[in-house]
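>>> Pasting a predicted model and its sequence here:
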Amino acid sequence: MNLINTINWVQVIVDILQAVISGIFVGVVIYWLDERRAKRERRLSDYRIASNWEVSKPKVSMRNFQLSNTNLAGCDLSTANLENTDLSKAWLHGVSFTKANLRRANFQAASLLGTKVNDVIAYHVNFSGARIGREKRTQEKLPVDFSRSNLFGSSFRKARINQALFSKTNLVDTDFTGAVVKKCDFTGADLTGSKWKMVKLVEDCTWKGVEGVNLDNFPPTLLKEVRRQNVD
């Protein structure tokens, strides 16, 4: 009789544990689905605000917005607050970020063409893996413009950068490791502490009046070209 009672109790405990585990599993799945739905709804809401920001009143902050994988082509986001905003893998052709706040924004693997990123405050922005400009001749009049921006501590690791304008841009401590940089204009840029030693390719760039270039941050062959362009 005692053995039978023990077996019954063991079965009861097993059944309870199975019920608890099943309940936890169902709860986790429901929570995960709710989180996915909430993220989708938020991304859609953020996209609607961003795509209509030019004409919306009053202007709202887009700080921490989730805009990854969105198509914002042609949008005017000038002067917008986009601090910490996720723009990874976004389509940003013809977008204007002029005088925007882009601190710690994420442009990883985004596509930029004819994009205005001039006169912005953009500390520690992530442009790694981004496609910035195009090599085709038909796109020569559509450069990505970073002129006079403050890109302190930003990353262009493994980015493909073609015909971009970095005139008088603050590129202090920026990282170009693994990047391909072609036909870009760095006239008057501050390159102090920027990382170029492991850049993949640099070709046909303008380096007039740049600052902060030395053997500590530039490979010898590229340093030679920079110095050649700055001989009086």
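Nice, I can see it. Not measured: the values here are computed from a predicted model. Numbers count the residues shown, from 1 in each chain.
>>> Quick one: the helices in the chain, in order.
For the chain, the helices defined by DSSP state H occupy 2-51, 220-229.
>>> now the shortest one: mean pLDDT?
This points to helix 220-229. Mean pLDDT, computed over helix 220-229, is 94.
>>> domain ranges for this structure?
Here the domain parsing of the chain from automatic domain parsing is 1-51, 59-232.
>>> Any chance of a markdown table for those, columns mean neighbour count?
Bear in mind the C-beta positions are built from the backbone N, C-alpha and C, glycine included. Listed next are the domains of the chain as a markdown table, based on neighbours: other Cβ atoms under 10 Å:
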| stretch | mean neighbour count |
| --- | --- |
| domain 1-51 | 11 |
| domain 59-232 | 19 |
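>>> coming back round to it: rank the helices of the chain by pLDDT, which is bottom?
The minimum mean pLDDT among the helices of the chain belongs to helix 2-51 (a mean of 65).
>>> so where's the protein shaky on pLDDT?
1-15, 17-20, 22-23, 25-42, 44, 136-140, 232 (pLDDT under 70).
>>> mind listing what the residue nearest the centre of the chain touches?
Among the residues of the chain, the one closest to the centroid is residue 107, at 1.7 Å (Cα atoms, centre = their mean). By Cβ atoms under 8 Å, 6 or more residues apart in numbering, the contact set of residue 107 is 87, 88, 90, 92, 125, 126, 127, 130.
>>> So the second one sits against residue 106, correct?
Yes. Taking contacts as Cβ atoms under 8 Å, residue 88 lies within contact range of residue 106: 5.1 Å.
>>> Identify the contacts common to those two.
68, 126.
>>> my read: residue 196 touches residue 219, true?
Yes. Here residue 196 lies in contact with residue 219, judged by Cβ under 8 Å, at a distance of 6.6 Å.
>>> Next, find the distance separating the residue nearest to the centre of the chain from residue 132.
The spacing between residue 107 and residue 132, counted by Cβ to Cβ, to the nearest Å, is 9 Å.
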